[in-house]
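**Student:** model the following, please.
(chains A and B)
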There are 2 protein chains.
Amino acid sequence: MKTATVIGTGAIGTSVALALTRRGVTVYLNDIDQAAAKTAEAMGAGSLAAPDQQVDLAVLAVPPAHVGRVLARAQRDRLAQAYADVASVKKVPHDDIRAMRADPASYIGSHPLAGTERSGPLAARADLFEGRPWVLTPSAATGQEVLNSALELVALCDGMPVLMDAGVHDHAVALISHAPHLVSSLLAARLAHAGEESIRLSGQGVADVTRIAAGDARLWGDILASNASAVADVLDAFAISVGRTIDALRAVSDADADPAKRQRAREDIEELLREGNRGCGRISRKPGTHRTELTTVSVAISDKPGALAELFTSIGEIGVNVEDVRIEHSQDQSRGMVELVVQKARAGELSRRLDAGGAWAASG
Amino acid sequence: MKTATVIGTGAIGTSVALALTRRGVTVYLNDIDQAAAKTAEAMGAGSLAAPDQQVDLAVLAVPPAHVGRVLARAQRDRLAQAYADVASVKKVPHDDIRAMRADPASYIGSHPLAGTERSGPLAARADLFEGRPWVLTPSAATGQEVLNSALELVALCDGMPVLMDAGVHDHAVALISHAPHLVSSLLAARLAHAGEESIRLSGQGVADVTRIAAGDARLWGDILASNASAVADVLDAFAISVGRTIDALRAVSDADADPAKRQRAREDIEELLREGNRGCGRISRKPGTHRTELTTVSVAISDKPGALAELFTSIGEIGVNVEDVRIEHSQDQSRGMVELVVQKARAGELSRRLDAGGAWAASG
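**Tutor:** Modelled structure (predicted):
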């Protein structure tokens, strides 16, 4: 692969572009959001110029519902020899492509299982896909060259290719990603109107269970709508086990019930918990992963003595914890750009107060 | 408070004993599990000797269902002037104490909101309760001296006292701890029999939602059984919102449905997610809640141009995330000290590699 076009410079598209650029591929960027595309270009993800000939691969990093339309148009323009989308559901794009009579031979569905809770090009990282599964869902019509091109894409991004049927993929992600997100959201929603005396007793457990409920509601609404039937199937089975648990709890708390019956209900609850232990044990939990929703604030600074120390002193006074720092220098070392990874909830305030201080130019 | 007996040398009891010993209280340890008691003694939590006179306070760190029986026996032995349990539910102990005709005047219910996922004395830490809420549930019969003794206990353990009615407490912990634990377990249980092809696609989201499902099934069975009615109430409300979500997902996926109806269902799902955003935003997720996993590495630096940038570049190369940074300067601004808050597991390596680099003097 020598040339590629990435359509859609959000977090995933820009990460793909950064990874390909790093490996020597000439990457062209394309987004209806010009600001996002320019940011991705400034990050070194590729060029905004139009390719002067057909590229080897076009990566369609657009929402699932747009894949069919974007593919049909790109094929009409003869943009690339092969096309792969990276949307998080696969049946909807496959069906749309058929409905829109796009050419299925030059297209392959794909889904890198690498998330960022943050969105937009600034959330992109060249190593986002490193060691993560990357599902490929070729149809019977997908050409062998197109599959090879997608496998090369995954290899260049250091991902692990997994071939899967589109429908099987959608049920799998419903189970291990979409339904857990909804359950986390529904549980968090129960806390929206809880009394402050309850909330103040909360600890790390409920904070972990509800962490992903902070995700972008519109983005997740799109994802869930695109995989609604599979997610409903998982939730149906989950609802049955919730119902059984409620029955067992009511039996345990019924002081007038037969002691043997109460004891059985007590054992049922413990068995449910053990089943949870078993399921929990199957999920890999690497240390060092982030607990809070983070975002990046970029600050331009001079390279004068103490400029960085001053910056960190200002940040300390504002009272924001910096989770990670990346520092980029200009060629002549006269100025630099500091990227501060901070909690999303504090990012707006940090940008405003750094700007108000006059010494810095921050952008969220 | 000069003397105390801790009955039950599990993680919570031993943590209380360690905290009191650290503050100069003479602590006696007592457990029917001799191995646990000896481990706690070896950790410096107190003495296995029998106290030679009545102690100021007995802390009953036993499961909720045993509090009444253990209290009645300790009072018969005139073990202490005041008694406090630390069980995670409060109605059951209160009711049992009445049923067993134990003396309610010298007893106060209490619950430190500090968890460890591990159990047993080896999971204990003297700072487990630092900055965490510690609920006290005095009854109308609880003596003023007993309440004061409990307040002193909380202060010695660096906890934050919260006075609350026993029933209100139980509903609050059902909402913010017990029901979230069950929901996490029930979701994890769905994964126990999932195909390996699904499990391998799992990422950080489902890992977080199911993390607490790893908790001890027997211990959690006890807790849930002791608060069954309040937990069932919370799950009832949760089950209704799960049912509504399933209906909305089915409506969205029904291709034959009226488009306006599908659009409304789509909006309903997004509104549920926004409600989840709101609830999620109420739960504190300070990096400080994981304070035990974090530690500080101090690095001396010069205030020469670019010294800090060089330091952060080195840290970046080592690949350690900096959770927080504090910078101190000497009076004449010629040198400074940078305190880096990092994950405990990486601190040793960071110190060694910064030292090996030669440019820095790091201390863990």
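
**Student:** residue contacts, the closest residue to A:Glu130 other than its chain neighbours?
**Tutor:** Once flanking residues are discounted, A:Glu130 sits nearest to A:Asp158: 4.4 Å by Cβ to Cβ, 6 or more residues apart in numbering or on different chains. Heads up, the C-betas are built off the backbone N, CA and C, glycines and all. Counting by Cβ atoms under 8 Å, 6 or more residues apart in numbering or on different chains, A:Asp158 makes contact with A:19, A:127, A:129-131.

**Student:** would a markdown table of these with neighbour count and secondary structure be doable?
**Tutor:** Shown next, in a markdown table, are the contacts of A:Asp158 (neighbours: other Cβ atoms under 10 Å in any protein chain shown; DSSP: H, G, I helix; E, B strand; the rest coil):
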| residue | neighbour count | secondary structure |
| --- | --- | --- |
| A:Ala19 | 24 | helix |
| A:Asp127 | 14 | coil |
| A:Phe129 | 24 | coil |
| A:Glu130 | 13 | coil |
| A:Gly131 | 10 | coil |
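
**Student:** A:Tyr83: helix or strand, and which one exactly?
**Tutor:** Secondary structure assigned from DSSP states H and E places A:Tyr83 in strand A:80-85.

**Student:** tell me the strands beside that strand, with direction?
**Tutor:** Pairing partners of strand A:80-85, with direction, according to DSSP bridges: strand A:55-60 (parallel), strand A:107-112 (parallel).

**Student:** most tightly surrounded among those?
**Tutor:** Neighbour counts (mean count of other Cβ atoms under 10 Å in any protein chain shown) averaged over each of these peak at strand A:107-112, with a mean of 26.

**Student:** and the contacts of that strand?
**Tutor:** In contact with strand A:107-112 (Cβ under 8 Å, 6+ apart) are residues A:12, A:16, A:71, A:82-90, A:93-94, A:97, A:128-129, A:132-139, A:142, A:146-147, A:149-150, A:153-154, A:157, A:159, A:166, A:169, A:173.

**Student:** now do the next helix or strand after that strand and strand A:80-85, the angle between them.
**Tutor:** Following strand A:107-112 in sequence order, the next helix or strand is strand A:133-137 (DSSP H and E). Counting by axes from the mean of the first three to the mean of the last three Cα atoms, to 10 degrees, strand A:133-137 lies at 120 degrees to strand A:80-85.

**Student:** what's the domain layout of chain A?
**Tutor:** Structurally, chain A divides into domains by automatic domain parsing as follows: A:3-164, A:171-282, A:294-363.

**Student:** turn these into TSV, including mean pLDDT.
**Tutor:** Converted to TSV, these look like this (pLDDT from 0 to 100):
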stretch	mean pLDDT
domain A:3-164	94
domain A:171-282	94
domain A:294-363	70
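
**Student:** all helices for chain A, in order.
**Tutor:** For chain A, applying DSSP state H gives helices covering A:11-22, A:34-42, A:67-76, A:91-99, A:144-156, A:166-173, A:179-190, A:196-199, A:204-209, A:217-226, A:228-253, A:259-282, A:307-318, A:344-357.

**Student:** A:Leu308 touches A:Ile301, doesn't it?
**Tutor:** Yes. Taking Cβ atoms under 8 Å as the definition, A:Leu308 is a contact partner of A:Ile301 at 6.6 Å.

**Student:** so between these two, which is more surrounded?
**Tutor:** A:Leu308 (27 against 18; other Cβ atoms under 10 Å in any protein chain shown).

**Student:** just give the nearest non-adjacent residue to A:Ser47, would you?
**Tutor:** For A:Ser47, ignoring the flanking residues on the chain, the nearest one in space by Cβ to Cβ, 6+ apart is A:Tyr28 at 5.7 Å.

**Student:** okay, now the one you found: neighbour count?
**Tutor:** When neighbours are counted by other Cβ under 10 Å, A:Tyr28 registers 21.

**Student:** now A:Met164
**Tutor:** 20.

**Student:** wouldn't it be in contact with B:Glu197 here?
**Tutor:** Yes. Taking contacts as Cβ under 8 Å, A:Met164 lies within contact range of B:Glu197: 6.8 Å.

**Student:** overlap in contacts, these two.
**Tutor:** Counting by Cβ under 8 Å, 6+ apart, the contacts common to A:Met164 and B:Glu197 are A:Ala172.

**Student:** in the stretch 251-364 of chain A, which residue sits closest to chain B?
**Tutor:** Across the stretch 251-364 of chain A, the shortest distance to chain B (Cβ to the nearest Cβ) belongs to A:Gly276, at 3.1 Å.

**Student:** identify the residues contacting that residue.
**Tutor:** If you count contacts by Cβ under 8 Å, 6+ apart, A:Gly276 has them with B:184-189, B:192, B:210, B:213, B:217.

**Student:** separate out the buried members of those.
**Tutor:** Among the contacts of A:Gly276, those buried by neighbour count (16 or more other Cβ atoms under 10 Å in any protein chain shown) are B:184-189, B:210, B:213, B:217.

**Student:** now for A:Ile269: which residues touch it?
**Tutor:** Residues counted as contacts of A:Ile269 (Cβ under 8 Å, 6+ apart) are A:245, A:248-249, A:252, B:221, B:224-225.

**Student:** closest to B:Phe238 out of those residues?
**Tutor:** Ranked by distance to B:Phe238 (Cβ to Cβ), those are led by A:Thr245 at 10.4 Å.

**Student:** the closest one against B:Leu235, yeah?
**Tutor:** Yes. A:Thr245 is within contact range of B:Leu235, at 6.5 Å (criterion: Cβ under 8 Å).

**Student:** quick one: common contacting residues for the two?
**Tutor:** Common neighbours of A:Thr245 and B:Leu235, using Cβ under 8 Å, 6+ apart, are B:Leu182.

**Student:** follow-up on the earlier one: now the domains of chain A as a markdown table including distance to B:Pro51?
**Tutor:** A markdown table is the format used below for those (distance: least, Cβ to Cβ, whole Å):
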| stretch | distance to B:Pro51 |
| --- | --- |
| domain A:3-164 | 53 |
| domain A:171-282 | 33 |
| domain A:294-363 | 45 |
